[in-house]
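Chemist: got a structure for you, letters missing:
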């Protein structure tokens with residue numbers, strides 16, 4: 001079962017703004033491209049085929065903390081970690097690092113939560129369990145070492 005994935009790509013000129021840095025909205029596109037590559041690596045697509053019922057994975061939560069600018073032609077490593085998995089949803093944590101040119105720098109941290117939904121005939125969406133094959137292929141990653149240490153410290157408090 002998979003819980004982490006690393007995807008690399010370059011900042012394209014069209015993704016930058018008048019100041020020459022990557023526009024803030026494109027950080028979400030980079031996170032989304034890592035999610036799509038993660039699904040492809042497992043033999044799936046986030047574009048669920050039309051079926052009865054048709055399924056989708058809309059975002060219900062997204063945020064990004066910007067730590068350093070990215071510029072045209074920077075090579076970026078996007079680290080996806082499945083932070084939480086429930087019957088109906090997945091929460092990803094992302095770390096975006098500029099890996100070239102040197103020096104490497106942490107550029108952003110983000111989080112996206114998706115929920116599996118059924119597209120109903122009346123145009124509404126209904127949350128449903130993740131398809132069994134996807135649920136079997138993906139698992140939540142263990143928390144990073146800092147989070148584990150903090151959880152142990154909290155347990156020791158009276």
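Modeler: Happy to help now that I have it. Being a predicted model, the structure only gives us computed values, none of them experimental.
Chemist: Can you name every helix or strand that the helix ranked longest in the chain contacts?
Modeler: Counting by DSSP state H, the longest helix found in the chain is helix 24-41. If you count contacts as 3 or more C-beta pairs under 8 Å, 6 or more residues apart in numbering; DSSP states H and E, helix 24-41 packs onto strand 4-10, strand 59-66, strand 75-85, strand 89-100, strand 105-115. In this view, the C-beta of every residue, glycine as well, is placed from N, C-alpha and C.
Chemist: got these as TSV, with distance to residue 24, mean pLDDT and mean neighbour count columns?
Modeler: Shown next, in TSV, are the helices and strands packed on helix 24-41 (distance: least, C-beta to C-beta, whole Å; pLDDT from 0 to 100; neighbours: other C-beta atoms under 10 Å):
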stretch	distance to residue 24	mean pLDDT	mean neighbour count
strand 4-10	17	97	15
strand 59-66	7	97	13
strand 75-85	14	98	19
strand 89-100	12	97	19
strand 105-115	9	98	19
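Chemist: Now distance to residue 18 too, for those strands, in JSON lines please.
Modeler: Listed next are the helices and strands packed on helix 24-41 as JSON lines, based on distance: least, C-beta to C-beta, whole Å:
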{"stretch": "strand 4-10", "distance to residue 18": "20"}
{"stretch": "strand 59-66", "distance to residue 18": "17"}
{"stretch": "strand 75-85", "distance to residue 18": "20"}
{"stretch": "strand 89-100", "distance to residue 18": "20"}
{"stretch": "strand 105-115", "distance to residue 18": "19"}
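Chemist: circling back to that earlier point, and the longest helix of the chain, what's buried?
Modeler: 26, 27, 28, 30, 31, 32, 34, 35, 37, 38, 39 (16 or more other C-beta atoms under 10 Å).
Chemist: can you tell me which of the residues you listed lies nearest to residue 20?
Modeler: Nearest to residue 20 among the buried residues of helix 24-41: residue 26, at 13.2 Å, using C-beta to C-beta.
Chemist: Hmm, that closest one is touching residue 13, no?
Modeler: No. The criterion here is C-beta atoms under 8 Å, and residue 26 misses it with residue 13 at 11.6 Å.
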